[in-house]
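K.L.:
Take a look and give me a structure for this.
(chains A, B and C)
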Amino acid sequence: MSLLAENRLFPIEPSARALAQTLYAEIRDLPILSPHGHTDPRWFAENQPFPDPAQLFVTPDHYVFRMLYSQGVSLESLGVPRVDGGAVETDGRKIWRVFAEHFYTLRGTPSRIWLEHAFETVFGVTKRLGPDTADDIYDQIADCLPKPEFRPRALFDRFNIEVIATTESPLDDLRWHKMIKSSDWNGRVITSYRPDNVVDPEFDGFQENVEQLGALTGCDTSTWQGYLDAHRIRRAYFKSYGATSTDHGHPTARTEDLPQAEAAALFAKAIAGTATAEDSDAFRGQMLTEMAGMSIDDGLVLQIHPGAYRNHSRSILQSHGRDKGFDIPTRTDYVHALKPMLDAVGTNPDLTIIVFTLDETSFSRELAPLAGVYPALKIGPAWWFFDSPEGMRRFRETTTETAGFYNTVGFNDDTRAFCSIPARHDVSRRVDCAYLATMIASGRLEMDEAIEVAHDLTYRLAKQAYRL
Amino acid sequence: MSLLAENRLFPIEPSARALAQTLYAEIRDLPILSPHGHTDPRWFAENQPFPDPAQLFVTPDHYVFRMLYSQGVSLESLGVPRVDGGAVETDGRKIWRVFAEHFYTLRGTPSRIWLEHAFETVFGVTKRLGPDTADDIYDQIADCLPKPEFRPRALFDRFNIEVIATTESPLDDLRWHKMIKSSDWNGRVITSYRPDNVVDPEFDGFQENVEQLGALTGCDTSTWQGYLDAHRIRRAYFKSYGATSTDHGHPTARTEDLPQAEAAALFAKAIAGTATAEDSDAFRGQMLTEMAGMSIDDGLVLQIHPGAYRNHSRSILQSHGRDKGFDIPTRTDYVHALKPMLDAVGTNPDLTIIVFTLDETSFSRELAPLAGVYPALKIGPAWWFFDSPEGMRRFRETTTETAGFYNTVGFNDDTRAFCSIPARHDVSRRVDCAYLATMIASGRLEMDEAIEVAHDLTYRLAKQAYRL
Amino acid sequence: MSLLAENRLFPIEPSARALAQTLYAEIRDLPILSPHGHTDPRWFAENQPFPDPAQLFVTPDHYVFRMLYSQGVSLESLGVPRVDGGAVETDGRKIWRVFAEHFYTLRGTPSRIWLEHAFETVFGVTKRLGPDTADDIYDQIADCLPKPEFRPRALFDRFNIEVIATTESPLDDLRWHKMIKSSDWNGRVITSYRPDNVVDPEFDGFQENVEQLGALTGCDTSTWQGYLDAHRIRRAYFKSYGATSTDHGHPTARTEDLPQAEAAALFAKAIAGTATAEDSDAFRGQMLTEMAGMSIDDGLVLQIHPGAYRNHSRSILQSHGRDKGFDIPTRTDYVHALKPMLDAVGTNPDLTIIVFTLDETSFSRELAPLAGVYPALKIGPAWWFFDSPEGMRRFRETTTETAGFYNTVGFNDDTRAFCSIPARHDVSRRVDCAYLATMIASGRLEMDEAIEVAHDLTYRLAKQAYRL
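P.N.:
Got it, this is the predicted structure:
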């Protein structure tokens, strides 16, 4: 008995399925490159056991708790902490039972696939989760967690991860990365530079953050030049801890390429706290072009993640704070928005800019045409809500014909759910093999080429694009 | 010889087809729940025979006459009445012949499926409609219509309809519902509350309508409080005739949650006839939030249908009036538009708000992410132009991964074409079974679960969401 | 050994594939109608051999050189001319080697399909292009080119082209068409009227162009009436060289139906060079309605191609000029934009307006609903970036259910790459047969109907819509 169908996510038609099996056999065991994600470096630094199953699979996973919340389950009963420190469930087993009772609501979702993959391949669970199996499965996982082979570093090695990138703010001291680096463990855990909190004038505490950036770097961050220098210094510091990329989560894809005097004036308003919403948006846009310029100098890859309306529910933001499953995609324009930056740096083949989208309509209409011609621009993989079998299929179907495979950058998991990493990469590998199998079966590609492409999509393109 | 292929709309690949057959066998005979539609309650009240075949299938069906009109056939020749009372064809047989001559233009459309399903299963027609068969088929249907077993109540019973909701304005006296209720027939025909004509300041006759609403309820609808009270009273009246929902057809999805003084001021402008377009839009938006508040009190489900540009052709509006096939979908934003209402009531798990869309791009980008987290929000089924096999497939493919099955509400037919109701539900059941079969065949679901989901999508979710 | 799989682009499932084979056998040998394209009439007038393989397949094909450019290959190394006349590669073999080295980047793109189709069916090449085969294939093609059977007229005949339309500006003297007409060759090469350079106030040299239009026609094009008359005269001239259509490439789909005095005032601003961006947009919109009015008089079909952001890269526009692969699709509204024109002429069944889109979201939401009711409006085929197997499939899946097959106009290749024409039509025929086969296999259409539809989509609809 297994939770995992051997041929899951492959084409159903037998001849195409056989082609997918052949392709998958070629790449299933390649190491995992995880160049963009949000795991906690402290796990690998301290290598402590993960706490109970609920703390591992339910409480921190917004995909899971948002679905249960949508069905009327309170966040408190799932142990999600309140801003006011009010009481929430802390008994892992109780949380787990609520989870098990509503597990059926995840039918048809990628969370279901990721969870069952982790249950079975990591913890040996082979029964479907439900009210009747909740306690047994809880016990089975809980028994594993304290064992050495279930500690973070052991799982990292067992997952065959070649490199994983975490994400830190410029204000982070990278202490956990320091600890990993100085340990005797060889796992490659690198950081990446995510400066939203010192780049976005609308970020909580922006002014203080910029001041702190100055303190950390010895730059006078009350001036535009000092502020830019401080970025340069922190980027170099991050590079010394392995960073190969920066990452920018903006509400829109807007970029600007303003004269320096205008940029300096916007910055002055931002730190004076007098920037309007429009000023802030322009400033964020300007900073993308500034960061692209620094990337030309220091080689860091620039990642742009636009288009989420963050913290959509006022009441949940008040009660439970940010990042509680209420970030909602919005319609996003790239053609006009990216033009200033692309005019500035887009034809530079030594620069790599990776753009992600939460608006799938932009794949065939905007991103594939743009990435299919600008040397600096690459399309990031299907992301967040679209990091799913159908999302990945649509991604290939709407980008390949215009941008080809070689203006994409392989897969990245973008996750803080450590145990889901092998599952997510496996889904991506299977869906790509299914897509390639269909291309072979419909006479659009030959097997020898498809094997090469499968290898490229699984490994080489990420390695190259992220300079790993 | 049959017009209907036994395995229509199922997957083509034999193993997946077999799975779909198994699933379909489980749910094909479940009763029909039709919680949202536009059949005429008078049919069931008076139980008179339907007139001739053209009056049943052509003249009132905008899907049919819009297609013929697009191919150069005049509306007059199809018997569609003119605003000026000018001459139109009244000979059913002549209309039918024009229809038959152009029946081929419906190839590939859902109308073709619905019509042939009704022709064969209701009237026993097994020949394809065309110029050569037009008269025979006309005669065959015309012969049936006067017979007792083809009267509305007999068809209702034969169609295995458990409950059907019609749609009435607050100004409707519900006389037909009264007559049905007091008859000895047991068919469950309920009303629903559609207040556009007293909520939308841009509706023809809005001021008079609001006055009439006051007269009907004894409320002073010249005041904001009196106007709201009048709604409460009519909602209660509609509930007494079985209503379980309200329904709102707005140009946009805009909602507002204004201070009551501002809302009252907008209302004052609306009844004074001084509301600008912006005022009217804001007022409609405010009324959605007001209606949601009343729903919390009285339990009626709130349905929102935004995004149609009504009566797009000026000349057809002048010659033939409203609802003549010239309502065209437009790009629709939900993320910003629904926020005021969702901030007000969206986290209330006792409230049900069902949102429909005519902009399919919003399914994966906006509606699935929103419905996948807000307890009050559910996604209505593929609607209107998308009430079709491909539309339904895209609906599942773009909503399930983020919102699951359990934030959707089953199928509703939304039709005034009575004989198409079994066909439409059958299409929905087949497409859902095909989707589930594909999920099983690709290892994403197991058969026992899929059977449960098929049952839920066919019956339980509609029953629960609409509180039937 | 062949580059072309016999069953390419057909369904993979054997029974559906067999249906597609049957359909394809019925229509594969029908003559090619190419009513919209950009081949050079000089080819057919002078009938000179094509130059070397690179000049035939690489240097003029923006699909090809944009992909190579996106991968870091310089335009100069591909022989793409510079605005400043600076040095670019002129050695065809060297260009070809760069092309061959990067041929793998076209995997999964329609260019790959078109190129291999032309390599094999036109030049007998059966080896895959790559660094190791580059020289052999170059030689094989180069050897063919000077032979009589590879000259333009011979290829035209061999390609079984019944009629091809080129595209000329009103200022063109149609000398090559004159030469073709007076030759002893019977190939039917017609022109079409593309007046962007005298209609768009933002076009380079607009004022001079309008003056020249006056000189050509003897009209006083400094006046609105004279300007309109000049169009009428040139349209008649173009008709005398076979034109059956006009073609309009505008940034948006905006139309206007202004009072003539307002239109005249806009025109006055345009020729005075004082039109704002908004004025220019309004003027272009007005001219579409004017052109539609002239079409009612002279019978020319009106084609509208909106939605490209032209020459997106400032630096490439400066270095290499227009049309260098940097035209990017943008989000396009049709519902509001087309209303003025449709109110003016949309219900006229004697007029044909064909609308193309680069925004696929508009197919199911806007264009199919509009074309499915307005007699004058038809939907052009999947175009430009979407002239591809997946693009064509999405086109059918998102238009057929609402607009049917009979509000579409068959295929047109829209190409300047002469050798790709048979390939493009073949792709279209195969994808349509695959779509129809799937409809049969899923019980939505019967074989006899599908054969008729296949014939219509391949031949009759284009012939009828373009009045060929």
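K.L.:
So which residue is dead centre in chain A?
P.N.:
The structure's chain A has its C-alpha centroid closest to A:D414; by Cα atoms, centre = their mean the separation is 1.8 Å.
K.L.:
Just to be sure, that residue is in a strand?
P.N.:
No: read with DSSP: H, G, I helix; E, B strand; the rest coil, A:D414 is coil and lies in no strand.
K.L.:
List the residues that contact the residue of the stretch 51-200 of chain A found nearest chain C.
P.N.:
For the stretch 51-200 of chain A and chain C, the shortest gap (Cβ to the nearest Cβ) falls at A:G108, measuring 21.3 Å. Every residue, glycine included, has its C-beta placed from N, CA and C. A:G108 sits next to B:400-401, B:404-405, B:439, B:444-445, B:453 when contact means Cβ atoms under 8 Å, 6 or more residues apart in numbering or on different chains.
K.L.:
Leaving out sequence neighbours, find the closest residue to it.
P.N.:
B:T400 (4.1 Å; Cβ to Cβ, 6 or more residues apart in numbering or on different chains).
K.L.:
Over to A:P81?
P.N.:
Per Cβ to Cβ, 6+ apart, closest to A:P81 is A:V88, 5.9 Å.
K.L.:
Neighbours of that neighbour, how many?
P.N.:
17 (other Cβ atoms under 10 Å in any protein chain shown).
K.L.:
wait, A:P306 sits on A:A253?
P.N.:
Yes: the pair A:P306 and A:A253 qualifies as a contact (Cβ atoms under 8 Å) at a distance of 4.1 Å.
K.L.:
Of the contacts of A:G108, just say which sits nearest to A:D84.
P.N.:
B:G404 (30.2 Å; Cβ to Cβ).
K.L.:
Next one: that closest one from A:L228, what distance?
P.N.:
For B:G404, the distance to A:L228 (Cβ to Cβ, to the nearest Å) stands at 46 Å.
K.L.:
How about the stretch 151-300 of chain A: which residue is closest to chain C?
P.N.:
Going by Cβ to the nearest Cβ, chain C is nearest to A:D257 of the stretch 151-300 of chain A, at 10.2 Å.
K.L.:
show me the residues around that residue that make contact.
P.N.:
Counted by Cβ under 8 Å, 6+ apart, A:D257 has contacts A:286, A:289, A:340-341, A:343-344.
K.L.:
hang on, the earlier thing: help me confirm that the residue nearest to A:P81 comes into contact with A:G79.
P.N.:
Yes: at 5.3 Å, A:V88 counts as touching A:G79 under the criterion of Cβ under 8 Å.
K.L.:
picking up where we left off before, which one (most neighbours) among the contacts of A:D257?
P.N.:
A:M341 (27 neighbours).
K.L.:
which element is that residue on?
P.N.:
helix A:339-345 (DSSP states H and E).
K.L.:
Output that helix as PDB, nothing but the C-alphas.
P.N.:
Taking Å, rounded to 0.1, in the frame of the first residue of the first chain, the C-alpha atoms of helix A:339-345 are listed here in PDB:
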ATOM      1  CA  LYS A 339      10.600  49.200 -20.000                       C
ATOM      2  CA  PRO A 340      12.700  51.800 -18.100                       C
ATOM      3  CA  MET A 341      14.900  49.100 -16.500                       C
ATOM      4  CA  LEU A 342      15.100  47.100 -19.800                       C
ATOM      5  CA  ASP A 343      16.100  50.300 -21.700                       C
ATOM      6  CA  ALA A 344      18.800  50.800 -19.100                       C
ATOM      7  CA  VAL A 345      20.200  47.300 -18.800                       C
END
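K.L.:
in chain A, which spans are strands?
P.N.:
Along chain A, counting by DSSP state E, strands occupy A:32-34, A:161-165, A:189-190, A:245-248, A:301-304, A:308-309, A:328-329, A:353-355, A:377-379.
K.L.:
now these in CSV, with distance to A:D173, mean pLDDT and mean neighbour count?
P.N.:
As requested, the strands of chain A are exported to CSV (distance: least, Cβ to Cβ, whole Å; pLDDT from 0 to 100; neighbours: other Cβ atoms under 10 Å in any protein chain shown):
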stretch, distance to A:D173, mean pLDDT, mean neighbour count
strand A:32-34, 23, 98, 25
strand A:161-165, 18, 98, 21
strand A:189-190, 16, 98, 24
strand A:245-248, 18, 98, 24
strand A:301-304, 22, 98, 26
strand A:308-309, 28, 96, 20
strand A:328-329, 33, 98, 27
strand A:353-355, 27, 98, 25
strand A:377-379, 31, 98, 24
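K.L.:
With the flanking residues excluded, which residue is spatially nearest to A:H425?
P.N.:
A:I32 (5.2 Å).
K.L.:
For the one you found, list the residues it contacts.
P.N.:
Here A:I32 is in contact with A:159-162, A:164, A:421-422, A:425 (Cβ under 8 Å, 6+ apart).
K.L.:
That one and C:R430: what is the separation?
P.N.:
A:I32 is 39 Å from C:R430, by Cβ to Cβ.
K.L.:
contacting residues for A:P60?
P.N.:
Applying Cβ under 8 Å, 6+ apart, the residues contacting A:P60 are A:416-417.
K.L.:
And the pLDDT for it?
P.N.:
At A:P60, the pLDDT value in this model is 92.
K.L.:
Could you tell me the phi and psi values at it?
P.N.:
Main-chain torsions, A:P60, degrees, to the nearest 10: phi -90, psi 0.
K.L.:
That one and A:P51: what is the separation?
P.N.:
10 Å.
K.L.:
Which residues lie in contact with the closest residue to A:L68 other than its chain neighbours in this structure?
P.N.:
Nearest non-adjacent residue to A:L68, counting by Cβ to Cβ, 6+ apart: A:H102, 5.0 Å away. Residues near A:H102 by Cβ under 8 Å, 6+ apart: A:67-68, A:71, A:73.
K.L.:
Show me the helices in the stretch 151-300 of chain A, by range?
P.N.:
A:152-158, A:175-181, A:196-199, A:206-217, A:224-240, A:260-272, A:277-298 (DSSP state H, counting those that start in this stretch).
K.L.:
Among the ones you listed, which comes closest to chain B?
P.N.:
Nearest to chain B, of the helices of the stretch 151-300 of chain A and by Cβ to the nearest Cβ, is helix A:277-298 at 13.9 Å.
K.L.:
tally of neighbours for the residue in the stretch 301-450 of chain A that chain C sits nearest to?
P.N.:
Nearest residue of the stretch 301-450 of chain A to chain C: A:G443, at 2.8 Å (Cβ to the nearest Cβ). Neighbours of A:G443 under the rule other Cβ under 10 Å: 18.
K.L.:
same question, A:D173
P.N.:
By other Cβ under 10 Å, neighbour count at A:D173 equals 10.
K.L.:
And it, how far from B:E89?
P.N.:
83 Å.
K.L.:
Next: A:K94.
P.N.:
71 Å.
K.L.:
of those two, who's got more company?
P.N.:
Shown here are A:K94 and B:E89; by other Cβ under 10 Å, B:E89 has more neighbours (18 against 14).
K.L.:
who's in contact with that one?
P.N.:
Residues near B:E89 by Cβ under 8 Å, 6+ apart: B:76-79, B:95.
K.L.:
Could you list the contact residues of the stretch 201-350 of chain A toward chain C?
P.N.:
A:333, A:335-336, A:339, A:342-343, A:346-347, A:349 (Cβ under 8 Å from any Cβ of the partner chain).
K.L.:
Now for these, which sits with the most neighbours around it?
P.N.:
When neighbours are counted by other Cβ under 10 Å, A:L342 leads those with 28 neighbours.
K.L.:
what about A:L258, how many neighbours?
P.N.:
17.
K.L.:
Leaving out the residues flanking it, which one is nearest to it?
P.N.:
Using Cβ to Cβ, 6+ apart, the closest residue to A:L258 is A:Q286 (5.4 Å).
K.L.:
A:R430 now?
P.N.:
Closest to A:R430 by Cβ to Cβ, 6+ apart is A:L9, at 4.0 Å.
K.L.:
same check, this time on A:I233
P.N.:
A:I233 sits nearest to A:T217 (Cβ to Cβ, 6+ apart), 4.3 Å away.
K.L.:
Would you mind measuring from the one you found to C:E26?
P.N.:
In terms of Cβ to Cβ, A:T217 sits 73 Å off from C:E26.
K.L.:
Perfect, that will be all.
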